[in-house]
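**Student:** sequence and predicted model, in that order:
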Amino acid sequence: MPKRNDLEQKALQQIMNVGFEGILQSDLWRKLGASSREGSRIALKLEAKKLIRREKELREGRWTYRLYPKRVPASIDSIADCPCLMCPDNARCDPSSSISPQNCERLTDWLLLIAKGEPGTIGDS
């Protein structure tokens, strides 16, 4: 039988892997091979540590919880469209020079698109 801390780590990893869509508590325990009692205790511990949030959900006529990560790991996809990566002025870009992130129109436009949630930008799923 795996140790509880091992199961906590595995549970947290699974929850983080599904991202912001969350996972049903019962589905998670099946994946981990844990009992529902053990799984509920782990979910409560992770919630108490502020690593996940639990939301009650009615599923097939029964109440359960959907588990969501408080944070998801960063991925390269989050910056793939950043104009800085292919900028011809990249070598000269510096906060103390005339070419800087503070006055870059391309960077500002990209950040505004992200903030608006425009299609094809970060957070668009």
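**Tutor:** That came through, no problem. Numbering: from 1, shown residues only.
**Student:** and Leu7, how many neighbours?
**Tutor:** Applying other CB atoms under 10 Å, we find 19 other residues in the vicinity of Leu7. Placement of C-beta: from N, CA and C, glycine included.
**Student:** helix, strand, or coil at the closest residue to Gly19 other than its chain neighbours?
**Tutor:** Leaving aside its sequence neighbours, Gly19 sits nearest to Val72 (CB to CB, 6 or more residues apart in numbering; 5.2 Å). Following DSSP: H, G, I helix; E, B strand; the rest coil, Val72 is assigned to coil.
**Student:** neighbours of Val72, how many?
**Tutor:** Residues near Val72, counting by other CB under 10 Å: 14.
**Student:** which residues does it contact?
**Tutor:** 16, 19-20 (CB atoms under 8 Å, 6 or more residues apart in numbering).
**Student:** by neighbour count, which of those wins?
**Tutor:** Counting by other CB under 10 Å, top hit in the contacts of Val72: Met16 with 16 neighbours.
**Student:** which of the contacts of Val72 fall in helices?
**Tutor:** Under the assignment DSSP state H, the contacts of Val72 contribute Met16 to helices.
**Student:** quick one: the residue nearest to Gly19 from Phe20, how far?
**Tutor:** 7 Å (CB to CB, to the nearest Å).
**Student:** domain map for this structure?
**Tutor:** 4-69, 76-116 (automatic domain parsing).
**Student:** out of those domains, which one sits most buried?
**Tutor:** domain 4-69 (a mean of 15; mean count of other CB atoms under 10 Å).
**Student:** please compute how far that one lies from its chain's middle.
**Tutor:** Its chain's average C-alpha position is 15 Å from that of domain 4-69, according to CA atoms, centre = their mean, to the nearest Å.
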